[in-house]
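Colleague: Let me see the structure of the following:
(one chain, ligands or ions: 1)
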Amino acid sequence: MLEGQGGKQQRVQRVFRSIATRYDLLNTLMTFGLHRRWRRASIRLAGGMPEGGSGLDLGCGTGDFLHEMLVSSDNTAVVTGVDFTSEMLAVAQRRFATEIERGIVKLVLGDATDLSFLPDARFDMVTAGFTLRNLADLPRVLGETHRVMKPGGVLVSVEVCRPFRVWLRPLAELYLRFVVPAIATLVAGKIGEYRWLHESLATCPDRYELARMLEAAGYAEVRQVPFGLGVVVGHIARKPC
Ligand SMILES: C[S@@+](CC[C@H](N)C(=O)[O-])C[C@H]1O[C@@H](n2cnc3c(N)ncnc32)[C@H](O)[C@@H]1O
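Modeller: So this is what the prediction gives:
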């Protein structure tokens, strides 16, 4: 059954509220400990965060992409994370207590589909880690990321996608449909909450469509990097100067 945009958002929020304190452990188990490496590699392939640069992370959750942007800039960047699930942000708040005090990490409780509170041409890098799939009206969101990006800035997304290789698709289907919810149930005691991952794949754009959407939003030099046998894809796209 199709859900309205409001229903989808509420469901996404409910899922992440219920698993917030176990999210990092779940992510590590589900990706065999590779998810941090994928974010780091994507930022490196995008040319890295410039020294003293500014970054925005959509659906920052517990803050892994914020951390990678800081590391990439030798802790000279100023990074802002937006997330609409306060329980996920609370984990990030504890993690970055020192950086928040120093003013190099800012956390905003808000909806990543409404960036109207941000000025034009503000960021050198906008990241999204396993977030785009959850967002309503993706073409509009990508248009907004383009608006808030400085000319020459880069968008970096890491997202679960249908694998590049056709023969891997049934395996990925089995993994996402049965193994992932089973791990979530064992670790977080949340029966079926992670079914969302499998279900959201059915409605999210595939990598061709996502590349087209990025170009339609005004991005150029769109690159796709497969990770984890292609079940996860890094997207890198630049706003022309
Ligand atoms: C799968 S988690 C990813 C967390 C983090 N980006 C990472 O790389 O691990 C998705 C996050 O996006 C947030 N999210 C989903 N839709 C959102 C929206 N419309 N506005 C703000 N945050 C959203 C969820 O609350 C959740 O924290």
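
Colleague: which residues are in contact with the strand or helix carrying Met88?
Modeller: Counting by DSSP states H and E, the element that carries Met88 is helix 86-95. Residues from elsewhere that reach helix 86-95 (C-beta atoms under 8 Å, 6 or more residues apart in numbering): 16-17, 20-21, 23-24, 60-63, 66-67, 81, 83, 100, 107, 109. Glycine gets a C-beta too; all of them are placed from N, C-alpha and C.

Colleague: and for the next helix or strand along the chain from that helix, what are the contacting residues?
Modeller: Downstream of helix 86-95, the first helix or strand assigned by DSSP H and E is helix 97-102. In this structure, residues lying in contact with helix 97-102 by C-beta under 8 Å, 6+ apart are 70, 93, 105-107.

Colleague: contacting residues for Phe164?
Modeller: 207, 226, 230, 233.

Colleague: Recalculate using a threshold of 7 Å.
Modeller: By C-beta atoms under 7 Å, 6 or more residues apart in numbering, the residues touching Phe164 are 226, 230.

Colleague: quick one, what contacts the residue nearest in space to the middle of the chain?
Modeller: By C-alpha atoms, centre = their mean, the chain has its centre lying nearest to Gly129, at 2.0 Å. Gly129 makes contact with 39, 64-65, 158, according to C-beta under 7 Å, 6+ apart.

Colleague: Kindly report the same for Arg165.
Modeller: For Arg165, counting by C-beta under 7 Å, 6+ apart, the contacting residues are Gly230.

Colleague: mean confidence for stretch 137-153?
Modeller: Averaged across stretch 137-153, the pLDDT comes to 96.

Colleague: re earlier: select from the contacts of Gly129 the one having the most neighbours.
Modeller: Phe65 (32 neighbours; other C-beta atoms under 10 Å).

Colleague: Now do the contacts for that residue.
Modeller: 39, 57, 127, 129.
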